[in-house]
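Engineer: Test case, fold it:
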Amino acid sequence: MSSTNKPYEYTDYEKLETISAEVCVIGSGCGGATLAYKLAEAGIDTIVIEKGGYYPSSTFDNRELNQAGKVDAERSLITSNDGSTMLNYGELVGGTSVHYWADSYRTPEDRLALWHERYGMAGHGGAQLAPIFEDIERRLHIAEMPPFYYNRMNELFRDAVQALGWEGAPVKQARNGCAGSGHCMQGCAIGAKQSQLVTSLPAAMALGARVYADLRAEQFSFDGRRVSQLSASVMDRARNRPSGRKIVIKARHFVVAAGGFNTPAFLLSQNRLRESLPALGKHFGMNPTVFAHGMYREPIVLWRKPPACFGVEGFRRARYDSQGNYIEGGYLLVPDQIHPALMSYSVGGFDEGAAEWMSNLSHVGGATGWIDDHPDELGEIRIDSKGRREVHYPYGPTTQKMIRDLLKKIVTVNFKAGASKVMLADLRRTELTSMEQIGVIDKIEVKPGALFMAAPHPFGGCRMGPDPKTSVTDSSHRVHGFDNLFVADPSVLPTGPSVDPSVTIMAFSYIAAGHVADALGKRL
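Structural biologist: Predicted coordinates for the structure are as follows:
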C-alpha cells in the first residue's frame with residue numbers, strides 16, 4: 001500500500017497479508033506517534049500499528065458514555081488485579097493523548113539527575129532535552145491558559161492555594177483554539193487539544209508514514225539477536241476481539257510503544273524476552289490518584305472549560321526526616337474535572353445521601369492529585385497462563401501515608417475554597433463538615449473497594465539502565481540482547497517523572513528516534 005493522509009482501518013484489510021517497512025512502531029500515543037513523526041521527517045519508511053480504532057475529531061459527540069466506547073480502554077471499567085484501582089488509558093489512534101487533560105510539564109531537573117546518578121540512564125540530561133522541549137512546546141502550542149479560560153473551580157482553587165500560602169502556579173497546556181467545552185477527557189471534538197491524533201500522526205502521514213488501526217501486535221519471530229517479523233491480528237472493532245485474520249509485518253527495526261500498561265505485558269508474552277530479561281514487568285508504577293468532592297453554595301459546573309489550569313507543585317518532592325521516615329508531600333495537587341457518569345463511580349452507596357450529591361452536581365466541585373510512586377514500593381506487570389495482563393500494585397506503608405497526606409491537602413483546599421462540606425471518594429462516603437474532622441482521614445482504609453482510586457500515568461516495567469539483570473533497555477532505548485528491538489514510551493522510566501509524563505514521553509521519543517535512525521545509518 002502507498003501512504004495515505006488517513007489511517008487504514010479494519011475495512012481495508014480484506015486482501016492484505018503482508019506489510020513491509022524500514023521501521024514498525026507498535027502503538028500510536030505520545031511515544032509511538034512522536035517517534036514515527038521524527039523518523040518520517042528523516043525520510044525513513046515508517047509504519048504505526050494500533051490495536052484501537054480510528055476516530056477523527058469530527059466523530060466525537062461530547063457525550064460522556066459514547067466517548068468512553070471510542071476513547072477509553074475497556075470503557076474505563078478495567079482495574080488492577082485486586083480491583084483497587086481503575087486503570088485510565090486510551091485505546092485508539094492517538095492513544096492516551098486523546099484522553100489526557102493536556103497538562104504539559106518539562107521533566108524536572110532533579111528527576112533527570114536521579115535517573116542518571118542512581119539508575120545509570122545516559123544521554124537524557126537537561127542539555128540534551130532543552131532544545132527538544134522547545135520544539136515540542138512549539139509544535140503543540142504549549143502555554144499557560146489565559147484567566148478567561150479558568151472555570152469556577154480553577155478560580156476558587158487558585159485563590160485558596162494563594163490564601164494557604166502553598167507554592168502554586170499556572171499549568172501549561174497543549175491547546176490551540178480551545179472553545180472551553182470541557183470534554184477534554186472524552187476527546188476534543190474541535191481538535192483544539194493537541195493530542196497525537198491531530199499533531200504528530202497527521203504530520204507523520206504527510207511525510208509518508210502509514211498508520212494501521214484495528215491491528216493488534218501478537219507474536220515476534222526471532223532470528224538470532226534480531227526480530228525478523230511480527231504477526232498481528234485484525235480486530236473486529238464492534239466486538240473488540242480478534243476477527244481471525246492475521247497480517248505479517250516485516251521491518252528492519254521494531255519499536256514497542258504500546259504504553260505503560262501494555263508494553264511490558266506484550267513483551268512478557270514473548271517467551272524469549274520473558275526468559276532473557278529478569279527485570280521485565282518489574283519496577284512498575286502508575287501515579288495512584290485520589291479525589292475529594294466539595295459541596296459549594298454557588299454553581300461550579302465542574303465539567304466546563306479546561307481542567308487543571310492552576311496546580312500546586314510545592315509538595316511535588318516528598319520530605320523525610322533524618323531516619324528516613326515520611327513527613328509530607330510526594331504528589332501534585334490540581335482542581336478536579338469529573339463528568340457526571342465518572343462522578344457516580346466515586347459517590348459511594350445508593351441511598352439518599354448519594355442522591356443528594358448527584359442531584360446537586362452543578363454545585364459540586366473538588367480537587368484531585370496523584371502521588372509520585374515511592375521507588376521502594378513499586379508494583380509489577382505480569383501475564384497469566386492464558387497470556388492476559390495482570391497489574392499488581394502493593395500500596396505499601398509509605399505509599400499509604402502519601403495518599404492520606406494528599407487527601408488532607410485536598411480536603412483543606414476545598415474548605416478554603418468555600419465548600420460547606422467535603423466528601424471523600426471512599427466506600428462509606430465519608431463526609432466532613434469542618435477542618436476539625438480532618439483526622440478521620442487517618443482511619444480511611446487503602447485497600448480494594450475501600451477507597452476510589454485511579455491510575456492515569458503508568459511507567460516502568462521496561463526500566464532503562466546499563467545492567468540486563470536489573471533493566472530492560474539500555475540508554476539507546478534498545479532492548480538488552482537484541483539488535484533491532486526498541487521501547488519508546490513511559491515503560492523505560494526508572495521512576496515516575498513526578499509530573500504529568502506526556503512531554504517527558506515525547507521528549508524521550510525524540511532521543512529514541514535518533515538511535516533508531518542511527519541503526520539504519522541515517523540521521524534525524
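Engineer: what's the neighbour count on Gly418?
Structural biologist: By other C-beta atoms under 10 Å, 14 other residues sit near Gly418. In short, each C-beta sits where N, CA and C put it, glycine included.
Engineer: Surely it is within a helix?
Structural biologist: No: using DSSP: H, G, I helix; E, B strand; the rest coil, the assignment for Gly418 is coil, not a helix.
Engineer: I'd like to know how far it sits from Ala163.
Structural biologist: 11 Å (C-beta to C-beta, to the nearest Å).
Engineer: likewise Gly481?
Structural biologist: 56 Å.
Engineer: So which of those two has more stuff around it?
Structural biologist: Gly481 (14 against 11).
Engineer: Gly224 is in contact with the more buried one, correct?
Structural biologist: No: with contacts counted by C-beta atoms under 8 Å, Gly481 stays clear of Gly224, the gap being 10.4 Å.
Engineer: Can you give me the buried ones in stretch 369-379?
Structural biologist: Residues Gly369, Trp370, Ile371, Asp372, Asp373, His374, Pro375, Glu377, Leu378, Gly379 are the ones in stretch 369-379 that count as buried (16 or more other C-beta atoms under 10 Å).
Engineer: try stretch 221-228
Structural biologist: Val227.
Engineer: measure it end to end?
Structural biologist: 6 Å (C-alpha to C-alpha, to the nearest Å).
Engineer: what comes into contact with it?
Structural biologist: Contacts to stretch 221-228, defined as C-beta atoms under 8 Å, 6 or more residues apart in numbering, come from residues Phe220, Gln229, Leu230, Ser231, Lys250, Phe254, Arg272, Gly481, Phe482, Asp483, Asn484, Leu485.
Engineer: Now for the residue sitting nearest the centre point of the chain: which residues touch it?
Structural biologist: Nearest to the geometric centre of the chain sits His457, at 3.8 Å (C-alpha atoms, centre = their mean). Neighbour list for His457: Gly260, Met286, Asn287, Trp370, Pro490, Gly496, Asp500, Pro501 [criterion: C-beta under 8 Å, 6+ apart].
Engineer: Now do the SS call for it.
Structural biologist: His457 ends up coil, using three-state DSSP.
Engineer: Can you identify each of the strands in the stretch 1-150 of the chain by residue range?
Structural biologist: Taking DSSP state E, counting those that start in this stretch to define them, one finds strands in the stretch 1-150 of the chain at 18-26, 46-49, 85-87, 142-144.
Engineer: So which of these is nearest Gly387?
Structural biologist: strand 18-26 (16.1 Å; C-beta to C-beta).
Engineer: partner strands of that closest one, parallel or antiparallel?
Structural biologist: Take DSSP bridges as the rule and strand 18-26 pairs in its sheet with strand 46-49 (parallel), strand 241-256 (parallel).
Engineer: residues of it that come out buried?
Structural biologist: Ile19, Ala21, Glu22, Val23, Cys24, Val25, Ile26.
Engineer: could you give the mean pLDDT of it?
Structural biologist: The average pLDDT for strand 18-26 rounds to 98.
Engineer: ditto for stretch 95-115
Structural biologist: Mean predicted confidence for stretch 95-115 is 97.
Engineer: first vs last residue of it, how far apart are they?
Structural biologist: Span of stretch 95-115 from end to end, C-alpha to C-alpha: 26 Å.
Engineer: How far away from the center of its chain is that stretch?
Structural biologist: 9 Å (C-alpha atoms, centre = their mean, to the nearest Å).
Engineer: buried residues in that stretch?
Structural biologist: For stretch 95-115, by 16+ other C-beta under 10 Å, it's 95-108, 111-112, 114-115.
Engineer: for the protein, what are the low-confidence residue spans?
Structural biologist: 1-4 (pLDDT under 70).
Engineer: Break down it into its helices, ranges please.
Structural biologist: 30-41, 64-71, 109-119, 126-139, 152-164, 200-206, 262-268, 271-276, 340-346, 352-359, 397-416, 502-519 (DSSP state H).
Engineer: closest to Glu390 out of the ones you listed?
Structural biologist: Judging the helices of the chain by C-beta to C-beta, what sits closest to Glu390 is helix 262-268, at 8.2 Å.
Engineer: Give the buried residues for that closest one.
Structural biologist: Asn262, Thr263, Pro264, Ala265, Phe266, Leu267, Leu268.
Engineer: helices or strands up against that helix?
Structural biologist: strand 241-256, helix 271-276, strand 380-383 (3 or more C-beta pairs under 8 Å, 6 or more residues apart in numbering; DSSP states H and E).
Engineer: Take these and lay them out in JSON lines including distance to Gly314.
Structural biologist: JSON lines is the format used below for the helices and strands packed on helix 262-268 (distance: least, C-beta to C-beta, whole Å):
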{"stretch": "strand 241-256", "distance to Gly314": "36"}
{"stretch": "helix 271-276", "distance to Gly314": "41"}
{"stretch": "strand 380-383", "distance to Gly314": "32"}
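Engineer: how about the ones you listed in TSV, adding mean neighbour count and distance to Ala517?
Structural biologist: TSV is the format used below for those (neighbours: other C-beta atoms under 10 Å; distance: least, C-beta to C-beta, whole Å):
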stretch	mean neighbour count	distance to Ala517
strand 241-256	18	10
helix 271-276	14	24
strand 380-383	20	29
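Engineer: Out of those, which gets nearest to Lys193?
Structural biologist: It is, among the helices and strands packed on helix 262-268 and with distance given as C-beta to C-beta, strand 241-256, at 24.9 Å.
Engineer: Output that closest one in CSV with nothing but the alpha carbons.
Structural biologist: Backbone C-alpha positions of strand 241-256 (Å, rounded to 0.1, in the frame of the first residue of the first chain) are rendered in CSV as follows:
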residue,chain,number,x,y,z
ARG,A,241,-12.0,-9.0,19.7
PRO,A,242,-9.7,-10.5,17.0
SER,A,243,-11.5,-11.2,13.8
GLY,A,244,-9.4,-14.3,13.0
ARG,A,245,-7.5,-12.6,10.2
LYS,A,246,-3.7,-12.3,10.5
ILE,A,247,-1.2,-9.9,8.9
VAL,A,248,2.5,-10.4,8.9
ILE,A,249,4.7,-7.3,9.3
LYS,A,250,8.3,-7.3,8.1
ALA,A,251,10.6,-4.5,9.1
ARG,A,252,14.3,-3.8,9.8
HIS,A,253,13.6,-2.4,13.2
PHE,A,254,10.7,-2.7,15.6
VAL,A,255,9.7,-0.2,18.3
VAL,A,256,7.3,-1.1,21.0
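Engineer: Compute the inter-axis angle for that strand and helix 502-519.
Structural biologist: Between strand 241-256 and helix 502-519, the angle comes out at 70 degrees (axes from the mean of the first three to the mean of the last three C-alpha atoms, to 10 degrees).
Engineer: Gln194 is in contact with Glu137, isn't it?
Structural biologist: No: the pair Gln194 / Glu137 is not scored as a contact, 10.3 Å apart, by C-beta under 8 Å.
Engineer: what about those two, which has more around it?
Structural biologist: Gln194 (25 against 16).
Engineer: Now do the same contact list for that one.
Structural biologist: Ala102, Arg139, Leu140, His141, Ile142, Ala174, Arg175, Asn176.
Engineer: Could you rerun that using 7 Å?
Structural biologist: Ala102, Leu140, His141, Ala174, Arg175, Asn176 (C-beta atoms under 7 Å, 6 or more residues apart in numbering).
Engineer: tally of neighbours for the fifth one?
Structural biologist: This means Arg175. Neighbours of Arg175 using other C-beta under 10 Å come to 22.
Engineer: That one bridge partners, please.
Structural biologist: Under the criterion used (DSSP bridges), Arg175 bridges to Lys193.
Engineer: ok, it to Thr368 distance?
Structural biologist: 20 Å.
Engineer: give me the number of residues near His392?
Structural biologist: His392 has 13 nearby residues by other C-beta under 10 Å.
Engineer: is it true that it touches Asp384?
Structural biologist: No: using C-beta atoms under 7 Å, His392 is not in contact with Asp384, being 11.3 Å away.
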